[in-house]
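Peer 1: sequence-free structure coming up:
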């Protein structure tokens with residue numbers, strides 16, 4: 001357990017730099033952005049692993065709902081709409097996805113998709129709020145959504161592989177590490 005907590009602290013250390021605002025934008029900046037904020041990366045990985053753990057329609061629903069809600073949140077921010085509680089919600093998403101994964105929690109499909117989508121909306125909003133003025137909005141969004149979908153796809157592939165290998169302990173351990181990072185992120189707010 002000490003090792004897991006140490007790993008979580010190391011992973012969360014760059015969290016202070018997760019949303020610094022960006023001097024450049026465009027497609028390549030959008031491609032990189034989800035990979036540079038540990039909170040966003042852990043949420044994508046956690047949601048993807050949890051979707052894979054669930055399997056079936058839940059896998060497609062969680063992944064599709066996440067990416068669609070990410071785009072909606074981005075559009076809300078770019079459109080100037082206010083969404084409260086974004087940063088605490090993002091940190092909570094890491095904790096919740098980690099706990100769901102660690103506990104092997106199987107929510108019904110619609111509530112699972114709704115939960116993932118609500119968290120994704122907050123992540124998308126944060127991405128859109130960070131877009132610099134005159135920052136090639138559509139190109140940035142395309143890169144952002146592309147990397148997010150691919151990252152979630154890689155996480156789901158890993159989760160499917162771990163499921164097929166019968167490594168429930170592996171999925172639960174990854175979930176515990178993600179949840180620990182979520183605790184550290186929440187504590188840092």
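Peer 2: Looks like it arrived, so ask away. Remember, predicted model here, so these are calculated numbers, not experimental data.

Peer 1: I'd like the distance between the residue nearest in space to the middle of the chain and residue 184.
Peer 2: When C-alpha atoms, centre = their mean is applied to the chain, the residue found nearest the centroid is residue 43 (2.4 Å). As judged by C-beta to C-beta, to the nearest Å, residue 43 and residue 184 stand 14 Å apart. (C-beta placed from N, C-alpha, C; glycine too.)

Peer 1: So which bits of the helix or strand hosting residue 127 are buried?
Peer 2: Assigned by DSSP states H and E, residue 127 falls within helix 109-129. Neighbour counts over helix 109-129 (16 or more other C-beta atoms under 10 Å) mark 109, 112-117, 119-129 as buried.

Peer 1: other SSEs contacting that helix?
Peer 2: helix 38-54, helix 56-78, helix 86-103 (3 or more C-beta pairs under 8 Å, 6 or more residues apart in numbering; DSSP states H and E).

Peer 1: Quick check: which element contains residue 131?
Peer 2: Going by DSSP H and E, residue 131 is not in any helix or strand.

Peer 1: and the gap between it and residue 140?
Peer 2: Residue 131 is 6 Å from residue 140, by C-beta to C-beta.

Peer 1: between these two, who's got more neighbours?
Peer 2: residue 140 (27 against 22; other C-beta atoms under 10 Å).

Peer 1: Tell me how far the helix holding residue 127 lies from the chain's centre.
Peer 2: Taking C-alpha atoms, centre = their mean, to the nearest Å, one finds helix 109-129 lying 9 Å from the centre of the chain it belongs to.

Peer 1: Would you tell me what the next helix or strand after that helix is?
Peer 2: Next helix or strand after helix 109-129 toward the C-terminus (DSSP H and E): helix 137-164.

Peer 1: by how many degrees do the helix holding residue 127 and helix 86-103 diverge?
Peer 2: Inter-element angle recorded for helix 109-129 and helix 86-103: 140 degrees (by axes from the mean of the first three to the mean of the last three C-alpha atoms, to 10 degrees).
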